[in-house]
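Peer 1: Next input, structure requested:
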Amino acid sequence: MKMIFYVEDPENSAVYENVSTARSNPASKKHQGEQRTAAPASTGVKVYKVISVIVGIICILLVVYIVVQHLGLNDNGSTRDTLKNLTEERDDLKRTLLVVEAANKNLTGQRDELMQRMNDFDSQRRSLTEERDSMKALLMNLKVELGWVLFKCSTYYVSSEKKTWQASRDDCRQRGADLIIINSEEEQSFANQFKVYMWIGLTDLQTEGTWRWVDGTPLSTSYWGTNEPNGARGENCGDIKSFNAKNSWNDEKCANSLNWICEKKVCQ
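Peer 2: You can find the predicted model right below:
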């Protein structure tokens, strides 16, 4: 019998040992099968996680989009309300402006009217001042003229001598006056207080029966005595013949001689 001897290599022996162990150990084979099966399962879990992350991101983006849209809608509504309020305020301001312009126009008119009144008052004041100064000067002159009496806006002179009606009037004219023209009951009473029969500036020489004052104005209010004027014997000139203030006038012959009363206007 021939015998063969083998020299055992340590590395190869280990391989052989492992191979033989694997062949001889069924449990090891089962474990290796489980490892091969576990590899595909691990890959599926990773894909699921990726999908979950993507879906989560999409959900987050969707929520963000919804929130942004909601805020945008609210912002648009707020903008519309603001625009509406501003429009209403603008319209109110326009109406207020119209009212202010109308009031300003009215005030301008009132101002112009007041200025015109002030100008008128100033003109009247100057006129009255001039008239006052003129009256003062006249009164100073009248103080020198003996026999003149001031009553309202006229001064009066009663003669101490007697003349015809025309001569009496001429004397008054020389004094810058004329025979008295009686325009009121007050002036009539004033003339009667002298208790003198005297000529007045009344005549119907131009037209018989139509009595006029020396300035040409027709007689309107009269103070004739009873049954006067009677027009007897060419009595065409008027005089004061009694001292009843309401019934003192008489028609007299113009050629007769009487005292007379002159009147000079000193104001209007």
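
Peer 1: Please make it C-alpha for all contacts and neighbour counts, starting now.
Peer 2: Will do.

Peer 1: Could you list the residues in contact with stretch 154-167?
Peer 2: If you take Cα atoms under 8 Å, 6 or more residues apart in numbering as the criterion, stretch 154-167 is touched by 147-150, 168, 180, 199, 237, 254-267.

Peer 1: Pull out the buried residues from that stretch.
Peer 2: Residues of stretch 154-167 classed as buried: 154-159, 162-166 (neighbour count, 16 or more other Cα atoms under 10 Å).

Peer 1: Just those: which are in helices?
Peer 2: Those of the buried residues of stretch 154-167 mapping onto helices are 165-166, per DSSP state H.

Peer 1: would you list every one of the helices in the protein?
Peer 2: Taking DSSP H as the criterion, the chain carries its helices at 10-24, 26-144, 165-174, 185-192.

Peer 1: Can you give me the separation between the most centrally placed residue in the chain and residue 115?
Peer 2: Among the residues of the chain, the one closest to the centroid is residue 107, at 2.5 Å (Cα atoms, centre = their mean). As judged by Cα to Cα, to the nearest Å, residue 107 and residue 115 stand 12 Å apart.

Peer 1: same question, residue 250
Peer 2: 54 Å.

Peer 1: just residue 245 next, same as before
Peer 2: In terms of Cα to Cα, residue 245 sits 48 Å off from residue 115.

Peer 1: Between residue 250 and residue 115, tell me which one has more neighbours.
Peer 2: residue 250 (25 against 12; other Cα atoms under 10 Å).

Peer 1: who's in contact with the more buried one?
Peer 2: 224-225, 228-229, 238-241.

Peer 1: Quick one: mark the members of these that sit in strands.
Peer 2: Judged by DSSP state E, strands contain the following of the contacts of residue 250: 238-240.

Peer 1: Most neighbours among these, which one is it?
Peer 2: That'd be residue 240 among those, by other Cα under 10 Å, with 29 neighbours.

Peer 1: Please tell me I have it right and that one contacts residue 199.
Peer 2: Yes. With contact defined as Cα atoms under 8 Å, residue 240 reaches residue 199; the gap is 6.5 Å.

Peer 1: Name only those of the contacts of stretch 154-167 that count as buried.
Peer 2: The neighbour count (16+ other Cα under 10 Å) marks 148, 168, 180, 199, 237, 254, 257-264, 266 as buried among those.

Peer 1: Just the mean pLDDT for stretch 70-83, thanks.
Peer 2: For stretch 70-83, the mean pLDDT works out to 72.

Peer 1: Show me the shaky parts of the stretch 51-200 of the chain.
Peer 2: Applying pLDDT under 70 to the stretch 51-200 of the chain flags residues 72-77, 139-145.
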